[in-house]
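# With the sequence up front, the predicted model follows.
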Amino acid sequence: MRLVLLGLPGAGKGTQGERLAEKYSIPHISTGSLIRSVVNSGLELGAIVNSYIAKGNLIPDEYMMEILRQRIMEDDCRNGWILDGFPRTVKQAKHLDEMLKRDSQALDRAFDIRISADEAVSRITNRRVCRSCGQIYSIEHSLEKVKGVCDKCGGPLYQRPDDNVEVAKHRIQVYMEQTHPVVHYYAQSGRLTGINGEQDIDGVFADLATAVAALYAQKAGEQG
Ligand SMILES: [Zn+2]
């Protein structure tokens, strides 16, 4: 199953992507960690990509597509993948369609995990991260057992400098301008499912899993 997760920052794409990956045994490919691993790979492509990041510039589409192409050619992607953080623009979405088509593949479904801009700001500014293991907490909802200490590893929790109201509002604005049109792009070709992202994590996951199960059933019907 080839899936794309869309949604405002704070919508829970990472959490839901990981849970879907576990349930369906297909990799959750977060563009952020993918780029970090390429930069740390020591390969020429990593050095090129790093030269853009180091200057604070966006990675050009041609390199992004190449990074993604190499990743989804890996063995664990035989049965599909879940993209999180890509495509960021309609142009990238079109490139993705073309790339898949060359390999006689296609995207099965894009999910739009919907939360309001206010909810996104609130989630981002309430976020705390474990300095040791990276586990994410919300000071509003999933209060840790001991204040300021990670339940998983005992590491100290902190607020990322970027997780403030101004930066959050800017990220939402950039998302609405550049990435939200991708929702319409997939809707127009009948490949979009909207999910209410303002439920608790289990509720969002239940809706996603129901939709994905229907896709698997549909695919089995087509093949059988
Ligand atoms: Zn931790």
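The structure has been received and is ready for your questions. Numbers count the residues shown, from 1 in each chain.
# just so I have it, where are all the strands in this protein?
Under the criterion DSSP state E, the chain contains strands at 2-6, 28-30, 81-84, 109-114, 127-130, 136-138, 157-158, 192-196.
# Redo these as TSV? Include distance to Val183.
For glycine as for every other residue, the C-beta is placed from the backbone atoms N, C-alpha and C. Output for these, formatted as TSV (distance: least, CB to CB, whole Å):
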stretch	distance to Val183
strand 2-6	6
strand 28-30	19
strand 81-84	14
strand 109-114	5
strand 127-130	24
strand 136-138	24
strand 157-158	33
strand 192-196	6
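# In TSV: these, plus mean neighbour count, distance to the ion and mean pLDDT.
TSV is the format used below for those (neighbours: other CB atoms under 10 Å; distance: least, CB to the ion, whole Å; pLDDT from 0 to 100):
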stretch	mean neighbour count	distance to the ion	mean pLDDT
strand 2-6	24	24	98
strand 28-30	21	18	96
strand 81-84	24	21	98
strand 109-114	22	25	98
strand 127-130	20	3	92
strand 136-138	16	9	86
strand 157-158	16	8	94
strand 192-196	18	28	98
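# The ion contacts on this structure?
Residues of the chain lying close to the ion by CB under 5 Å from the ion are Cys130, Ser132, Cys133, Gln135, Cys150, Lys152, Cys153, Gly155.
# hang on, the second one packs against Leu157?
This means Ser132. No: if you go by CB atoms under 8 Å, Ser132 and Leu157 don't touch, sitting 9.6 Å apart.
# Residues that sit against both of these two, list them.
Common neighbours of Ser132 and Leu157, using CB atoms under 8 Å, 6 or more residues apart in numbering, are Cys150.
# Glu198 versus Lys23, what's the distance?
When distance is defined by CB to CB, to the nearest Å, Lys23 is 22 Å away from Glu198.
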